[in-house]
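> any chance you can model this:
(2 chains, ligands or ions: 2)
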2 protein chains.
Amino acid sequence: MDARAYIEDHREEFLSSLKAWLEIPSISADPEHHGDVRRSARWLADHLTATGFPTVEVWETPGLPAVFAEWPAADPGAPTVLVYGHHDVQPVDPVEAWRTEPFVPTEIGTSLYARGASDDKGQVLFHALGVRAALAASGADAPPVTVKLLVEGEEESGSVHFAELLRDRRDRLDCDVAVISDTTMWAADTPSMCVGMRGVTDVEISLYGPTMDLHSGSFGGAVPNPLKAMSDLLSGLHDADHRVAVPGFYDGVVEAGPEERALIAELPFDEREWLRTAASTATWGEAGYSTLERVWLRPTAEINGMWGGHTGAGGKTIVPRSAHAKVSFRLVPGQEPLRVQDRVRAYVEANTPAGLRAELEFGGPGVRACASDLSSAAVKAARAAMERAFGTRVLYTREGGSGPEADIAEALGAPLVFLAVGLDEDRIHAPNEKVEVPLLLKGAESAAYLWAGLAAQM
Amino acid sequence: MDARAYIEDHREEFLSSLKAWLEIPSISADPEHHGDVRRSARWLADHLTATGFPTVEVWETPGLPAVFAEWPAADPGAPTVLVYGHHDVQPVDPVEAWRTEPFVPTEIGTSLYARGASDDKGQVLFHALGVRAALAASGADAPPVTVKLLVEGEEESGSVHFAELLRDRRDRLDCDVAVISDTTMWAADTPSMCVGMRGVTDVEISLYGPTMDLHSGSFGGAVPNPLKAMSDLLSGLHDADHRVAVPGFYDGVVEAGPEERALIAELPFDEREWLRTAASTATWGEAGYSTLERVWLRPTAEINGMWGGHTGAGGKTIVPRSAHAKVSFRLVPGQEPLRVQDRVRAYVEANTPAGLRAELEFGGPGVRACASDLSSAAVKAARAAMERAFGTRVLYTREGGSGPEADIAEALGAPLVFLAVGLDEDRIHAPNEKVEVPLLLKGAESAAYLWAGLAAQM
Ligand SMILES: [Zn+2]
Ligand SMILES: [Zn+2]
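Ligands and ions are numbered 1, 2, ... in the order given. A predicted model of the protein is given here:
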C-alpha cells in the first residue's frame, strides 16, 4: 500500500485524534492554562507511543514541558532527522470574534477550525501519520531514517527555556538535518517551501542635551537640540536608495542566489492585495528589489518608536532636554547581531554632535537569521517530496521574522529544512484560526516521502 | 533743580510708593487674585493722578483692566509718546523657594525683593518719577512731549484682550513713538537698549501611514514608515550650515546692519557663563553668526516635541501608523508669520513620500518680530538719554522672544523704542525676583531726558 493510500485510509482516525488534542486549551502565555499545557504534552506523548515510537519522553523545563520521541532507523548508518514543532497555542482573545468555540474543533467544508489547528498541532500531528505511512509503503517496521521529534511547550510565550533545553539535552538531539514544521506555504494551489527567516536586533537610542528643557526664545538656534540631532541620526540610517547607511551594516551578508530570486519572482504576488494586508497605500524600500525580496531577503532598519520634548496639547516653544528612539534591524544570513550592534553604536557615536550625550540600550543579544542551503541534499529531498505529494512544482519563500529556528540550527549544528503546509489565511494568532485538512494530509504524505528521500540521498 | 537731583531727593518717596504697589499680589493667571489685579489698577490710577496726570482712566476689558493716563505737552505741536508696561505679575510658585515673602517688599543692599519689582511695576513707576523730574528740570507745568501711559493687566496671562483693547481705543492711543518699558539691559555696568524681538509661529505636523501598526517582520522595509519620513522631514529643516532649509523661509528678512552687529560684538559676552545658563555643554547654530546673533538676529526652526510608535518599555518591532512633531519657528523682522506657514506647508507636502498623508495644524496666526529703526530720531534720542543718565556708552541688545510688542507697533503705526533697566539676573518669572533700585532711578532719569530729547529732535 502506498503512502497516499494509507493516509487516505486513515483520514478519519487522524482527524479524530487531532480534534481530541485541539480540545486541550494549551495556552502557554496564560498561567491559568499551564495545567492544560501539561495535559497537552501528556496527550502527545501517549499518541506518539501509540503511533509506535519506541522512545517517548516528556521533558520538564523550569517552565512548561516539551515532548521528545525517537524512532531509530533499521539501518544504523541511516541519517537522523529531528522534527521541530510546538504543542502550546496562542491566547484566544478577543473570544467574541470567534464564529466557533476556539476549543471545540469544528469542520466546515475542507477547513478545521480551532485554536492551534494550523499553529502548530495540525502540523506536528501530520508527522505521526507520515511516519506510519512511510512504514506502510516500505513494509518495514522501522523508518528509513532515524526520526526524532522535539515538540516545545513555550513557543507562543517566547521560548524562554528552549535554548537551555537544547543545551541540556544536546546529546539526545544529535541529527543530520532539522525539519521545521511551523511555517506556511504561499497558497493552497501554490505549494512552497520556506528557505529562510530574517533575524533581528533592537536598540533604544537616547540623546541628552541641556539638563533641563530650555525656552526657545532665549536659547533656540544656539544650542544643540536633541530632537534635531535624533532626526539627523534616524534620517541618516538610510541612503537615497533606501539602503541601510550604517557603515559596515552589510558586512558578511550572504546574498540570495539567482535561482531563489527567480523562484520568488514566479510566485503569483498581487501587490494590490498585499498593500491591503499592509493597510498601506504605497510600497517603499531598497532600490533594486521587489516587495517580496525586501521583506524576505534584505536586512532593514526600522524606527519602531520615537519621543521627546513636549508631546501634550498646544505649543511649548522649548529646546527639549532629551530625545529617544527605538529602532530594530531585521537581519539576513551572514549578519552577526552583536557585530551589527557594534556598528550601530559606532554610527550613533560618530554622529552625535558636540554638546549631546548618546546612550544605547540593546534589547538582548538579538536573533540570527537562518536559511536553508538550497544546494543541499536535504532541501532537494524535501522539495522533491513535496512536489511528489502535491503533484506540482514547489517554489521558495522566506519569512520576514523568526522564532527559535536559528537557535535550533546553531545548537544542533544541523542544516534546516522547512516542511509546512499552513497558509497565511489560516489566521494563526487571531480569532477563527483554521487549517485546511487536505493540506495536512499532503504534509503527512510529504513527510513520508521525505524520510525515504533523505535515506537515499544523504 | 536738575532731573538727577530731583530724583535723588525723591528716592524714599518713590520707594515707599513702589513698595505699597508691590504689596498687591496682582497675579493675572490666578483667578483668586483677579480682585488684586483690579486693586492694582486702582492703585496705579490714584498714583498717576497724584503725580499730576490730568487724565487717568481705568479701562475695563472682558478680562482684567488696563490703566491709561495722559499728560499733554504745553506745545500742541510737540510729539506724543506712549509708554507701554503692565501692572500684573507672575505667580510665585514655588513659594517655598523665596527667601523673603514675595509680597512683602524687602530691601537688601541695593536690591528690592518682591514679585513684580522688576517685571514690571518698578519699570512702570519710574516713568511717574521721570515725568516729575522733567518738570522740575524745565520749571514748566507740562512735559515737553505729550506723555501717554498704557499699563496692561493681562501681560503675564497672554495679553488675551490686548489686541482688542488697542483696536477699540485706537483713537485715544495715537502717538509718534511707543516706548516699551518691559525688557532688560545687558548688565548694571553695561547699560544697553533692546532694539528688537523675534517673532514666532508654531506647527504640529502629523504623518499618517498604514491604518494600523504593522509587524516589522512581515512588512518592515517594504512600506513607508511615518517615523522615518518624519525624521527625514525634520532633518531636512536645516542644511549643513544649520540654516533653515525650508524654501522661501528667509524671504523678506531684514538683516541687521553692521552698526548693530558691531555694538553686539562689543558686549562683554562670556560664552562659558552663557552655556551654564543654557544648561548645555556646547553651542550650535547657523554658520557665520555668533551665539548672541543666533538668538537675537537670526530666525530658526526648533523641534519642540516629537512622538510616534512604541514609546513604552521594551521593544516592539512595528512599523508605526503615524508620527507627530511640534516645531516652532522664531522669526525676525521682515518675515510674515502667515507666509512662513505657507512655506512650511509646501515643504512638508513636497517631502511627504507616497503612501503617507501629512496634516499640519498651526498654533494660530503667529507673532511678528519687531525691531527699532536704529537710524530714527526716537532711537537716537533714547540712546542719548540713557547715555546721559548712565554717564557711559549704551550698547544694543535684542530679545530672542517677544510678547505683545509687535502688536503695539502695528496697531498704533508707531516706531518702537525700548527703555528699560531690568537685568537678566532679576529672576523675573522665578522665585526671589528683585530689582536694582539705583537702576530704577537711572530709568527715571533716562525718561526725563528722553522727553526733552524727543521734543528737540522730532
Ligand atoms: Zn507556531
Ligand atoms: Zn513683563
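
> which residues of chain A fall in helices?
A:3-9, A:11-22, A:34-51, A:122-138, A:162-168, A:216-219, A:226-235, A:258-266, A:271-277, A:291-296, A:337-350, A:377-390, A:405-412, A:437-457 (DSSP state H).

> and of those helices, who's closest to chain B?
Chain B lies closest to helix A:216-219 among these, at 2.2 Å (C-beta to the nearest C-beta). All C-beta spots, glycine's among them, are computed from the backbone N, C-alpha and C.

> and for residue A:173, the neighbour number?
As a burial measure, residue A:173 scores 22 neighbours (other C-beta atoms under 10 Å in any protein chain shown).

> look at residue A:407 and report its pLDDT.
Here the pLDDT value assigned to residue A:407 is 84.

> next, count neighbours for the closest residue to it other than its chain neighbours.
Of all residues not flanking residue A:407 in the chain, residue A:163 sits nearest, at 5.4 Å (C-beta to C-beta, 6 or more residues apart in numbering or on different chains). Residues lying near residue A:163 (other C-beta under 10 Å) number 14.

> wouldn't residue A:163 be in contact with residue A:406 here?
No. Residue A:163 is beyond contact range of residue A:406, at 10.5 Å (criterion: C-beta atoms under 8 Å).

> against residue B:198, how distant is the residue lying farthest from the centre of chain A?
Most distant residue from the mean C-alpha position of chain A: residue A:218, 52.5 Å away (C-alpha atoms, centre = their mean). Between residue A:218 and residue B:198 the distance is 10 Å, computed by C-beta to C-beta, to the nearest Å.

> residue A:38 too?
According to C-beta to C-beta, residue A:38 and residue B:198 sit 69 Å apart.

> give me the more crowded residue out of these two.
Per other C-beta under 10 Å, whichever of residue A:38 and residue B:198 has more neighbours is residue B:198, with 31 against 17.

> identify the residue nearest that one in space, chain neighbours excluded?
Leaving aside its chain neighbours, residue B:198 sits nearest to residue B:330 (4.4 Å; criterion: C-beta to C-beta, 6+ apart).

> OK, contacts around the residue farthest from the centre of chain A?
Neighbouring residues of residue A:218 by C-beta atoms under 8 Å, 6 or more residues apart in numbering or on different chains: B:295, B:400-401.

> between the helices of chain A, which gets nearest to residue A:420?
Closest of these to residue A:420 is helix A:122-138, at 5.7 Å (criterion: C-beta to C-beta).

> convert the closest one to CSV, retaining C-alpha atoms only.
Extracted C-alpha coordinates of helix A:122-138, given in CSV (Å, rounded to 0.1, in the frame of the first residue of the first chain):
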residue,chain,number,x,y,z
GLY,A,122,-2.0,20.0,13.0
GLN,A,123,1.5,20.4,11.6
VAL,A,124,3.0,18.4,14.4
LEU,A,125,0.5,15.6,14.2
PHE,A,126,0.8,15.0,10.4
HIS,A,127,4.3,13.7,11.2
ALA,A,128,2.9,10.8,13.2
LEU,A,129,0.6,10.0,10.3
GLY,A,130,3.6,10.4,7.9
VAL,A,131,5.9,8.1,9.6
ARG,A,132,3.2,5.4,9.7
ALA,A,133,2.5,5.9,6.0
ALA,A,134,6.2,5.5,5.3
LEU,A,135,6.2,2.2,7.2
ALA,A,136,3.1,1.1,5.3
ALA,A,137,4.8,2.0,2.0
SER,A,138,8.0,0.2,2.7
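
> do that helix and ligand 1 meet at all?
No. Using C-beta under 5 Å from the ion, helix A:122-138 stays clear of ligand 1, coming no nearer than 8.1 Å.

> any residue of stretch A:284-294 touching chain B?
Yes. Using C-beta under 8 Å from any C-beta of the partner chain, stretch A:284-294 reaches chain B at A:284-286, A:291, A:294.

> quick check: bridge partners of residue A:147?
Taking DSSP bridges as the rule, residue A:147 bridges to residue A:71, residue A:81.

> what's near enough to touch it?
Contacts of residue A:147 (C-beta under 8 Å, 6+ apart): A:53, A:70-71, A:73, A:81, A:83, A:127, A:131, A:451.

> of those residues, which is the most crowded?
Among the contacts of residue A:147, the one with the most neighbours (other C-beta under 10 Å) is residue A:451, at 31 neighbours.

> distance check, that one against ligand 2.
87 Å (C-beta to the ion, to the nearest Å).

> just confirm that residue contacts residue A:144, I think it does.
Yes. At 5.1 Å, residue A:451 and residue A:144 qualify as touching, with contact defined as C-beta under 8 Å.

> now do the shared contacts for the two.
Counting by C-beta under 8 Å, 6+ apart, the residues touching both residue A:451 and residue A:144 are residue A:134.

> what is the end-to-end distance of stretch A:267-274?
Using C-alpha to C-alpha, to the nearest Å, the end-to-end distance of stretch A:267-274 comes to 13 Å.

> understood, closing this out.
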